[in-house]
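S.K.: show me the folded form of this:
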Amino acid sequence: MLERSITPILDTALKISPIVLLKGARQVGKSTLAMQKNQNYIVLDDVSTRINAKDDPKRFIEILAKPVTIDEIQKVPELLEALKIYVDKHRHNGDFLITGSANILDMKTTQDTLAGRIIEIDLYPFSLKEKAKKAQENIVDMLFEHKFSSQKIETNQMVKEILRGGYPDVQNLTTSLEKKLWFSSYVSTYIERDARDLGEFRDIDSFYRFVNIIASRSTTLLNKSKIAKEVGIRIETVENYLVILQQTFQLQLLRPFYDNIGKQFVKSSKIFLNDTGLMSYFLGIYTIEQFEASNYKGALVETFVFNELLKHISFTIEDTKLYHYLTNDKKEIDFILQRNNQIVAIEVKSSSKVSKDDFRHIMDYQKKSSKDIFGIVFYMGEHILHINDRCVALPLGVFY
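M.R.: A predicted model of the protein is given here:
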């Protein structure tokens, strides 16, 4: 069983909070991680258990042997008020580990109910470090500390990792057919079903068209009117679908960066799917040859880097923010990592070669800003290349 990077943070949260919410997409390993805590384990996917919980939430919580894990808490949201009442009477840290594949804390009433009583922890699909059994190594920390080491990984192997993605069950699948069948089942069993539960809509066909179009737009600026026109739905429906995909951890909107450097910044967020394996499925890309021939090659690599950064940010000790950078005069930097007064500006290239010209927008930002900015270009090559004392090209092998 692979160690998860988030485990030490989960253990600490259980020591200091009566309720801990472990949240993430279906099949990312929440149940597996929760069951390692040696607690009483309740699964709300079980119909009889769910009925009992709905009939009398307060008594259901009171009689549970504690500490307890309650899996898929979004199935019975009535339990949240019961948890609040119980914790207010019998506050004991670590009593409740709850898991959710829909983000119940997106709802304001839930936030108000559990304020001061809960710690949220995000669990993502496997990172490459977790796959390589190096769960405690944090790439984001290394980037800020300028400590670079790279595992020598053949380009073809890196492409395979990108196309495989991070869902645990996919790691042992070897053929394109196996992956196609798994992801097809995942979409119909989880994404469509959860969408129906959350969105209360009947037109699943338009939702499916929407998801396919969103997959092809990963890394692009969010333009609701264009998406609405392409899918054939209203902008209000686009907004509803976006919320559903965010609540079920299938999609992330990356906020734009702003700095006072005499430039106007684009205010739109960028769209990112939360797994390149799922993205590859929607794009119909299963092989290295299909990847190399695809117009979405660059988008897949950039989405991969986005997700790796997100996973490592989730277990950094220091508060770290992630943004995208785009000015009205088309100066674009794929990612901005910000920690206190330090900034790491990141470009992503799907090429095996890199040049000083790939750093031009980063260098432009470095000249115009008074902040401490370090520039990085991730690329598909094999060597660490120091362009100058403030810019370095790093192979994707650093994520191993």
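S.K.: so who does the spatially most central residue of the chain touch?
M.R.: For the chain, the residue nearest the mean C-alpha position is N274 (4.7 Å; CA atoms, centre = their mean). Neighbouring residues of N274 by CB atoms under 8 Å, 6 or more residues apart in numbering: A25, Y124, P125, F249, Q250, L251, Q252, N307, L310. From N, CA and C alone the C-beta is placed, and that goes for glycine too.
S.K.: please apply the same query to A228.
M.R.: Shown here is A228, whose contacts under the criterion CB under 8 Å, 6+ apart are R234, I235, T237, V238.
S.K.: Q171: which of these is nearest?
M.R.: Closest approach between those and Q171, by CB to CB: V238, at 33.5 Å.
S.K.: and the helix or strand containing the closest one, how far from the chain's centre?
M.R.: In this structure, V238 sits in helix 235-247 according to DSSP states H and E. Distance of helix 235-247 from its chain centroid, counting by CA atoms, centre = their mean, to the nearest Å, is 17 Å.
S.K.: contact partners of it?
M.R.: Contact with helix 235-247 is made by 102-103, 106, 194-195, 198-199, 201, 206-207, 210-211, 214, 222, 224-225, 227-228, 231, 233, 251-253, as judged by CB under 8 Å, 6+ apart.
S.K.: selecting buried members of the residues you listed in ChimeraX, what would you type?
M.R.: If you want just the buried ones from those in ChimeraX, going by 16 or more other CB atoms under 10 Å, the selection is:
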select :102,103,194,195,198,199,207,210,211,214,222,227,228,231,233,251,252
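S.K.: number of residues surrounding D389?
M.R.: Neighbourhood size, D389 [other CB atoms under 10 Å]: 8.
S.K.: top of the contacts of A228 by neighbour count?
M.R.: Of the contacts of A228, V238 is surrounded by the most neighbours, 23 neighbours in total, counting by other CB under 10 Å.
S.K.: so how far is K180 from that one?
M.R.: 27 Å (CB to CB, to the nearest Å).
S.K.: do the same with P67
M.R.: 41 Å.
S.K.: how about low-confidence regions in the stretch 201-350 of the chain?
M.R.: Where the stretch 201-350 of the chain drops to pLDDT under 70, the residues are 201-202.
S.K.: so where do the helices sit in it?
M.R.: Secondary structure of the stretch 201-350 of the chain (DSSP state H, counting those that start in this stretch): helices located at 204-216, 224-231, 235-247, 276-283, 288-293, 297-313.
S.K.: tilt between the second one and helix 235-247?
M.R.: Here helix 224-231 runs at an angle of 100 degrees relative to helix 235-247 (axes from the mean of the first three to the mean of the last three CA atoms, to 10 degrees).
S.K.: for T7, what are phi and psi?
M.R.: Per-residue torsions, T7: phi -50, psi -50 (degrees, to the nearest 10).
S.K.: ok, the nearest residue to it once chain neighbours are set aside - contacts?
M.R.: Closest residue to T7 in three dimensions, ignoring its sequence neighbours and counting by CB to CB, 6 or more residues apart in numbering: L33, at 7.1 Å. With CB under 8 Å, 6+ apart as the criterion, the residues that contact L33 are R4, I6, T7, L10, L22, L123.
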